[in-house]
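[1] Could you look at this predicted model? Sequence included:
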Amino acid sequence: MGKSSSDELCCIGGSVCMYNENQKRAFIESHTNSDKTMAKIVQIFSWFEPYEEDWGLDLSQQSAEKLQPVVNELTGVRSKSTELILIILKEYVKWCGRNGYEVSRGIFDVRINTIDKIQNQMVASPLHLKAKLDEFFEPVEEETIDITYRVFLWMAFAGLDDKDAIRVTADCVDLKNFRINFEGHSYEIYKECIEDFKKACDLTDFQYKHPNYITRRDRADGNLIMRGIRTPTVDLKTIRPVINKKFGADDTEETSGRQKSRISYKRIYLSGIFYRAYERERAGLPVDFSEFIARSIERKEKTKKYTVTKTRTLTTIANTIEREYLADYEKWKCAFAM
């Protein structure tokens, strides 16, 4: 006997908490048959659950005044993701009204200020990124293990996927020509990060600061520029919590999936894409995200993240992504007065 839609939704939601769970699950079941969409809606509702518990009130009954700061906190910088969250919340409130629940129209008066978010969560240039790294990480002159985190984030700005960045070796880094050459692709790096990369490539030990003393500790063997002290390999699961903590986010925010106003690898990566587009535009060249989009689609194709049909071809997917990035790029320029 097959699973019912309720059983499937329970599996998708797992142990995730939703306020007024039965009500919200009924909405989700009536809204979509897609497991992927169900999972996304469950995730969004789970973000709101702690606030609804504090209010003692379902979000469908809450005022715009109370909803506005919560939506501001939980949404990111991308126009598409922000709009999707608002669409789902509005559809939920409309469904509640049609099904006899008492509702407020508050969510329909909520507005998102993406400009403020971009200014707080992204960077405008290599100099801006250097200032952020100097603010949150040990200076490169200290020669601590923070150098590995600094070059990791510089590789984000250069346009490397994080899974590729942890595999870059010293021989991939061409400081003379300001490039990282990795698996057939060449990525531009900037004068602001040269000292970081020099030390990441050359140091055989790091300064270690204990509360009671300072010493040097040997790096692990190998030539990965991000290798640390204990092991020659690098694990994203180990790196991400450290970087989140450095930027002021705790682990629970990251693992819960709730979107916070934090700088991240992905946002620095996107900042780099937009910075290079802006440099092209200033040189009188057309803004073009096609190479970046092609690489992104290639990666996601390998993991089967895109469903291709007769009407939804890779070309139509690329065109949609291009429009989304152009819209986000214009907001990025506006945020940094470019």
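    Yep, that arrived.

[2] Skipping its backbone neighbours, what lies nearest residue 119 in space?
    Leaving aside its sequence neighbours, residue 119 sits nearest to residue 335 (Cβ to Cβ, 6 or more residues apart in numbering; 4.9 Å). Where you see a C-beta, it was placed from the backbone N, CA and C, and this is true even at glycine.

[3] May I have the residues that are in contact with the one you found?
    Shown in contact with residue 335 (Cβ atoms under 8 Å, 6 or more residues apart in numbering): 114-116, 118-119, 122.

[4] Which one among those sits at the bottom for pLDDT?
    The weakest per-residue confidence within these falls on residue 114 (82).

[5] isn't that residue right up against residue 81?
    No. Applying Cβ atoms under 8 Å, one finds residue 114 not in contact with residue 81, separated by 10.4 Å.

[6] which ones are touching the spatially most central residue of the chain?
    Of all residues in the chain, the one closest to the mean position by Cα atoms, centre = their mean is residue 266, 4.0 Å from it. Counting by Cβ under 8 Å, 6+ apart, residue 266 touches residue 156.

[7] same deal with residue 151?
    Residue 151 makes contacts with 193, 196-197, 200, 225-226, as judged by Cβ under 8 Å, 6+ apart.

[8] where does it land in three-state SS?
    Of the three states, residue 151 takes helix under DSSP: H, G, I helix; E, B strand; the rest coil.

[9] Spatially, and excluding backbone neighbours, which residue is closest to it.
    Leaving aside its chain neighbours, residue 151 sits nearest to residue 200 (4.4 Å; criterion: Cβ to Cβ, 6+ apart).

[10] hang on, the earlier thing: show me just the buried residues among the contacts of residue 335.
    Buried members of the contacts of residue 335, scored by 16 or more other Cβ atoms under 10 Å, are 114, 118-119, 122.

[11] could you dump those residues to a markdown table with distance to residue 322?
    Conversion of these to a markdown table gives the following (distance: Cβ to Cβ, whole Å):
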| residue | distance to residue 322 |
| --- | --- |
| 114 | 19 |
| 118 | 19 |
| 119 | 24 |
| 122 | 19 |
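
[12] Turn these into CSV, including secondary structure and distance to residue 19.
    Listed next are those as CSV, based on DSSP: H, G, I helix; E, B strand; the rest coil; distance: Cβ to Cβ, whole Å:
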residue, secondary structure, distance to residue 19
114, helix, 27
118, helix, 30
119, helix, 32
122, coil, 32
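
[13] right, and out of those, which lies closest to residue 100?
    When the buried ones among the contacts of residue 335 are compared for distance to residue 100 (Cβ to Cβ), residue 114 wins out at 35.2 Å.

[14] From residue 85, how far off is that closest one?
    Counting by Cβ to Cβ, to the nearest Å, the gap between residue 114 and residue 85 amounts to 12 Å.

[15] try residue 338
    The spacing between residue 338 and residue 85, counted by Cβ to Cβ, is 27 Å.

[16] Neighbour-wise, give me the winner out of the contacts of residue 151.
    With neighbours set by other Cβ atoms under 10 Å, the maximum within those is found at residue 225, which has 28 neighbours.

[17] contacting residues for that residue?
    Applying Cβ under 8 Å, 6+ apart, one finds that residue 225 lies in contact with 148, 151, 168-170, 172-173, 197, 200-201.

[18] Pipe the contacts of residue 335 into CSV and attach distance to residue 47 per row.
    Below are these laid out as CSV (distance: Cβ to Cβ, whole Å):
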residue, distance to residue 47
114, 18
115, 22
116, 19
118, 20
119, 23
122, 21
